[in-house]
Structures are given as C-alpha cells and as structure tokens.
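Visitor: Here's a sequence, model it:
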Amino acid sequence: MTEHEHTEHNSSVSAAQVWDEKYRGRARIWSGEPNPQLIAEAAALHPGTALDLGCGEGADAIWLASRGWTVTALDVSAVALERANAHAQERGQSGNINWVRQDLATWVPGELFDLVTAQFLHSTVMPWQQALQLAAAAVRTGGTLLIVGHHPDGLPPWGQHHDHAPEKFYTAEQLTRELGIEAPEWRLDVVDTRHRSVTGPDGEAAALTDAVLRATRLTAH
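Guide: Numbers count the residues shown, from 1 in each chain. Below is the predicted model:
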C-alpha cells in the first residue's frame, strides 16, 4: 500500500491523537514506496522547493529529496514524522527535508513553493476543500500543484470501517471547480481518472481509482 490515506474518524479527539495511535499500532503503515502518480507527474519537473502535505512516513518526501528537491514535509502526527525522519536518514536524504508537525485545520502556509503535492489527503474532520485550498494557495507563480485522491467510485475496500461517504472524496473535475483551478491564473495540465491494482495492508488485492489533478500557476495571487 503506497497512498497516505489521511482520515480521522473521531471528532472528539484531535487528529494528532488519532494518527499517533494509528502509527503506533504498526511498525510500518505504508509500503515505503513513493506514490505512483507522484512519480508519473513530478519526475520530469525541474527540482526546486516542494511542500508535501500529509507526508506520513515520508516516502514521497524522500523520493523528491533524492531527485534534488528541497522538501518541507508536513503531517499532524509526531509519530509519523519521527519515523519518516529515521527513514530519510537511512537513505541519506535527511538534510534535504524539513519535517513539520502541523494540523491543517489551523495551519497557514508562510511561504510559497515550486511544487505542492497532496497525495490522498482525505479527512472526515475537515472538508477536503479546506485542506486542498491551502495547497493551492502555497504554489508560487510558475509552480505546480499536484493533487491525487481516491475517486468516490473506486475506494479501497480495507477502509470500509471509515466514513466513506461520497462527499469526503472527489473527482479531478470537482477539484478544478472547487479550488478555482479553471481561473485564468492557472493552466490545467492533467485532469484525469486512473485505475490501478494494489495490495492492501493485510495482503489483499484490490482495484483502486485515483483522481489526478496537475496544474501550473501562471500569475501571482
């Protein structure tokens, strides 16, 4: 399993508590491999500064750093970030990554980035529009916004115990409308629905559908 499916399912406790508990429950939650759509869409980009929202155990951030990016990797879980930093040190990439613990419900980006990536940043606590609008706001002029999420028609079967209400997920077309990416200050590069086969956390096979949006900011905001 590669994607960082960030869902919190109890609003009576903080997102940090939920995710710290989740990460403590297993020695490794994710596969340790970068998300495939990140590789497909970012491999040809010229390295610069990158913001990885919901970085989890750090596989995407480490991959970006290995390709020359200077990465700010943000997550709500201190346990995940500690684990991610250890993985980066093992791969000799810790010097290129700044691990930041923040809750997207209250965080505001203090700088702009050449690449902002949000891979499977799904929450049951806050509307997806809120978190992903933050992502769009953090892209500098000439920079790239890359959002990948679970399409509502192709959700992972191992997450059925979560709140899988369709409004918690999105299509690429919904992303463009809700985030205002159709506006003149953006150029739409990829608006796509992609199918892939994966192996779940307990070894189960599944077919998933990804919503993929890649856009370039053309003018300042």
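Visitor: Surely Leu121 is within a strand?
Guide: No: if the criterion is DSSP: H, G, I helix; E, B strand; the rest coil, then Leu121 is coil and not within a strand.
Visitor: Quick one: neighbours of it, just the number.
Guide: 24 (other Cβ atoms under 10 Å). (C-beta placed from N, C-alpha, C; glycine too.)
Visitor: do Gln133 as well
Guide: Gln133 sits with 14 neighbouring residues when counted by other Cβ under 10 Å.
Visitor: distance of the closest residue to it other than its chain neighbours from Leu188?
Guide: Leaving out its chain neighbours, the residue that sits closest to Gln133 by Cβ to Cβ, 6 or more residues apart in numbering is Leu179, at 6.0 Å. As defined by Cβ to Cβ, to the nearest Å, Leu179 lies at a distance of 11 Å from Leu188.
Visitor: which one of these two has more residues nearby?
Guide: Each of Leu179 and Leu188 had its neighbours counted (other Cβ under 10 Å), and the higher figure belongs to Leu179 (22 against 13).
Visitor: I am assuming that one contacts Leu134, so please confirm or correct that.
Guide: No: distance between Leu179 and Leu134: 10.2 Å, which falls outside the contact criterion (Cβ atoms under 8 Å).
Visitor: rewinding a little: any common contacting residues for Leu179 and Leu188?
Guide: With Cβ atoms under 8 Å, 6 or more residues apart in numbering applied, the contact sets of Leu179 and Leu188 do not overlap.
Visitor: residue ranges with poor pLDDT in this structure?
Guide: Residue ranges of the chain with pLDDT under 70: 1-13, 15-32, 124, 154, 156-166, 200-202.
Visitor: hmm, back to that, contacting residues around the residue nearest to Gln133?
Guide: Contacts were defined as Cβ under 8 Å, 6+ apart; by that measure Leu179 touches 129, 132-133, 136.
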